[in-house]
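**Q** Okay, sequence plus prediction incoming.
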Amino acid sequence: MNDLWNQITLSWEWLTASAQWHGEEGIPHRLLQHVIYSGISLLCAAVIGLALGLLVGHTGRGGFLAVSVANIARAVPTFGLVLIIVLIDYSITPVLVALVALAVPPILVNTFEGVRAVDPDAKDAARGMGMTGWGVLWRAEVPMALPLILLGLRTSAVQVVATATIAAYPGFGGLGRYIIDGLARNDYQLVVGGTVLVVLLAIIVQTAFAGLRRLLVSPGLLGSARS
Amino acid sequence: MDLDWGWIGEHTDSLTEHSLTHLKLALLPVLFGLIISLPLGVACRRWGWLYPPVLTAANALYAIPSLALFMIFIQYTGLEPSTVMIPLTLYTLSVLVPNVVDGLASVSEPVRQAATAMGFGTLRRLLRVELPIAVPIVIAGVRVAAVSSISLVAIGQLIGQGGLGYDIIRGYQLRFQTQIVAASVLIILLALVTDAILVLIQRLLTPWTRARKRSGGSSRRRHPITGAAPPHAVDAGVSSIAGGGG
């Protein structure tokens, strides 16, 4: 326990040392890199996952295929994927590609399951009110599937933020830099400090999604979800 | 990208050995996770106030990068397999606990009442009725946990315990693509085979789901009223959303 407390004080010293807050190696720069990598990947993954999930969920066709492919994609070792493409093309793109591949499956599967689970009666009612295919999708299916869609986005976002640390292994910075450097130098202060920052970022992301859920999801749905 | 097939042929022994280590490092945590999640999920279902804090804790653990968690455990467990397996076990909780809880929640009230009416006590009802009905949802969670665990183990190689991760890092250091590709493909294959075996286990454990599908499952999505809806489809949120609208 004493060890743990020592570590906490050491990481706190590291986090608050003014040297950490300037320049290339500084926390703001690394944090910005981390946020940019995660943000771009999540955005691309959201576009792909939402489009496919909505398409498959709405039409009801190809669901089994989409979910199976998504599950296989979950098995792709991100680490291997990053390193293999980095060998071919040394740039940040492989890292982003790997993060997108990591983030698409949860978004896709949750969107699909959310849309599919919408009560057929509600869809019939929407059609009965004169809505076309798009109308049903945007005004009935998406709002009802929103809790699951947001859950998928949140899961992916947290995974991406946590996994973007491996961008540091081939040398693209981000908060993982501290963890990898700390490992190389046997400097636990650095490792724990970097970890704390990543976890804080992940917690901020989780909180943001909880806020979005409260803001966007119809109160009727939230009420019934609790019962 | 040129693959050196000869290298793969010469190294089948070491690749097999690494695959087996990989499976052990990935799947034992899932087993431990399930052993922890089942009682925890049952407790969360029984005492509702327990669920939110447990879920928050599990999600917070999940947000810690695996590499960092490995590093933190090195000081307590050293450069040993357990340093990789303990974090992986903790990760599985964020998938398994909610699925155990959801699975138990999917037992419909009439079924529960029927079991009670037949004289089942709480424990016997849990073991003989509620847990079997929860199996499909629990196994769905086990599948996600197992597949992601298998792909995560590779990172453990950064602390020297990574199964096929060894070949990924070695290949990177030697700029030898074949080794990375071979290891990555093997990891995917291990995940697929594990997933298929889990699907098979679920079928064996829940013979009634197939009987139900044969009798009228195909009409479920189009005509939920005429085709008798299976109980867990009703509880999976479909009816509750309709209820919210009315």
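**A** Great, that's in hand.
**Q** quick one, helices of chain B?
**A** With DSSP state H, the ranges of helices along chain B come out as B:5-10, B:12-46, B:51-63, B:66-77, B:81-105, B:109-117, B:122-125, B:131-152, B:165-173, B:177-205, B:207-216, B:231-233, B:239-245.
**Q** Dump the ones you listed into CSV; add distance to chain A, mean neighbour count and mean pLDDT as well.
**A** Placement of C-beta: from N, CA and C, glycine included. Listed next are those as CSV, based on distance: least, Cβ to the nearest Cβ, whole Å; neighbours: other Cβ atoms under 10 Å in any protein chain shown; pLDDT from 0 to 100:
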stretch, distance to chain A, mean neighbour count, mean pLDDT
helix B:5-10, 15, 11, 83
helix B:12-46, 10, 18, 93
helix B:51-63, 3, 16, 85
helix B:66-77, 4, 20, 80
helix B:81-105, 9, 23, 91
helix B:109-117, 12, 12, 90
helix B:122-125, 22, 12, 88
helix B:131-152, 4, 22, 89
helix B:165-173, 4, 22, 88
helix B:177-205, 3, 19, 90
helix B:207-216, 13, 12, 67
helix B:231-233, 9, 18, 33
helix B:239-245, 3, 17, 26
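**Q** Tell me which of those lies nearest to A:Ala202.
**A** helix B:51-63 (3.4 Å; Cβ to Cβ).
**Q** any idea how far A:Ala122 lies from A:Pro219?
**A** A:Ala122 sits 16 Å away from A:Pro219 when distances are taken as Cβ to Cβ, to the nearest Å.
**Q** More neighbours: those two, which one.
**A** More crowded of A:Ala122 and A:Pro219, by other Cβ atoms under 10 Å in any protein chain shown: A:Ala122, with 19 against 9.
**Q** so the more buried one touches A:Pro143, yeah?
**A** No - at 10.1 Å, A:Ala122 and A:Pro143 do not qualify as touching, with contact defined as Cβ atoms under 8 Å.
**Q** Would you map out the domains in chain B?
**A** Chain B is divided into the following domains under automatic domain parsing: B:5-205, B:215-246.
**Q** where's the longest one relative to the chain centroid, distance-wise?
**A** It refers to domain B:5-205. 5 Å (Cα atoms, centre = their mean, to the nearest Å).
**Q** need the contact list for the closest residue to B:Ile180 other than its chain neighbours.
**A** Once flanking residues are discounted, B:Ile180 sits nearest to B:Gly171: 3.7 Å by Cβ to Cβ, 6 or more residues apart in numbering or on different chains. Residues near B:Gly171 by Cβ atoms under 8 Å, 6 or more residues apart in numbering or on different chains: A:83-84, B:177-181, B:183.
**Q** switch to 10 Å and redo it
**A** By Cβ atoms under 10 Å, 6 or more residues apart in numbering or on different chains, B:Gly171 lies in contact with A:80, A:83-84, A:87, B:177-184.
**Q** cool, B:Arg45 as well?
**A** By Cβ under 10 Å, 6+ apart, the neighbours of B:Arg45 are B:51, B:100-105, B:107, B:126, B:130, B:134.
**Q** Take the residues you listed and lay them out in JSON lines including distance to B:Val147.
**A** As requested, the contacts of B:Arg45 are exported to JSON lines (distance: Cβ to Cβ, whole Å):
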{"residue": "B:Tyr51", "distance to B:Val147": "25"}
{"residue": "B:Val100", "distance to B:Val147": "18"}
{"residue": "B:Val101", "distance to B:Val147": "21"}
{"residue": "B:Asp102", "distance to B:Val147": "19"}
{"residue": "B:Gly103", "distance to B:Val147": "19"}
{"residue": "B:Leu104", "distance to B:Val147": "23"}
{"residue": "B:Ala105", "distance to B:Val147": "24"}
{"residue": "B:Val107", "distance to B:Val147": "26"}
{"residue": "B:Leu126", "distance to B:Val147": "28"}
{"residue": "B:Glu130", "distance to B:Val147": "26"}
{"residue": "B:Ala134", "distance to B:Val147": "20"}
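**Q** Closest to B:Gln157 out of the residues you listed?
**A** Nearest to B:Gln157 among those, counting by Cβ to Cβ, is B:Val100 at 31.2 Å.
**Q** Enumerate every residue touching the closest residue to the closest one other than its chain neighbours.
**A** In space, and not counting its chain neighbours, B:Val100 is closest to B:Gly41: 2.7 Å by Cβ to Cβ, 6+ apart. Shown in contact with B:Gly41 (Cβ under 10 Å, 6+ apart): B:34, B:51, B:54, B:93, B:96-105, B:131, B:134, B:138, B:141.
**Q** next one: B:Ile74
**A** A:183, A:186, A:188, A:191, B:80, B:83, B:159-160.
**Q** Taking the centroid of chain B, which residue is nearest it?
**A** B:Val142 (2.1 Å; Cα atoms, centre = their mean).
**Q** wait, it sits on B:Leu198?
**A** Yes - with contact defined as Cβ atoms under 10 Å, B:Val142 reaches B:Leu198; the gap is 6.0 Å.
**Q** intersection of neighbour lists for those two?
**A** Contacts common to B:Val142 and B:Leu198, judged by Cβ under 10 Å, 6+ apart, are B:Val30.
**Q** Once you drop chain neighbours, what's closest to B:Asn99?
**A** Setting aside the residues directly before and after it, B:Asn99 is nearest to B:Gly141 in space (Cβ to Cβ, 6+ apart), at 3.0 Å.
**Q** Quick check, the one you found in contact with B:Ala58.
**A** No - in this structure, B:Gly141 is not within contact of B:Ala58 by Cβ under 10 Å, at 11.8 Å.
**Q** so what's in contact with those two at the same time?
**A** Shared contacts of B:Gly141 and B:Ala58, defined by Cβ under 10 Å, 6+ apart, comprise B:37, B:92, B:94-98.
**Q** want to throw those into a markdown table with distance to A:Leu99?
**A** Output for those, formatted as a markdown table (distance: Cβ to Cβ, whole Å):
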| residue | distance to A:Leu99 |
| --- | --- |
| B:Ser37 | 28 |
| B:Thr92 | 22 |
| B:Ser94 | 19 |
| B:Val95 | 20 |
| B:Leu96 | 25 |
| B:Val97 | 26 |
| B:Pro98 | 24 |
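**Q** Now flag whichever of those is closest to A:Leu52.
**A** Nearest member of the shared contacts of B:Gly141 and B:Ala58 to A:Leu52, counting by Cβ to Cβ, is B:Val95, at 22.1 Å.
**Q** Which residue, other than its chain neighbours, is closest to the residue nearest the centre of chain A?
**A** In chain A, the centroid-proximal residue (Cα atoms, centre = their mean) is A:Ala157; its distance is 1.5 Å. Computed as Cβ to Cβ, 6+ apart, the closest residue to A:Ala157 that is not its neighbour in sequence is A:Val205, at 4.8 Å.
**Q** Can you list phi and psi of A:Ser91 for me?
**A** Per-residue torsions, A:Ser91: phi -160, psi 180 (degrees, to the nearest 10).
**Q** can you pull out the strands in chain A?
**A** Ranges of strands in chain A, per DSSP state E: none exist.
**Q** longest single helix anywhere in it?
**A** helix A:27-59.
**Q** pLDDT at B:Thr226, what is it?
**A** B:Thr226 carries a pLDDT score of 32 in this model.
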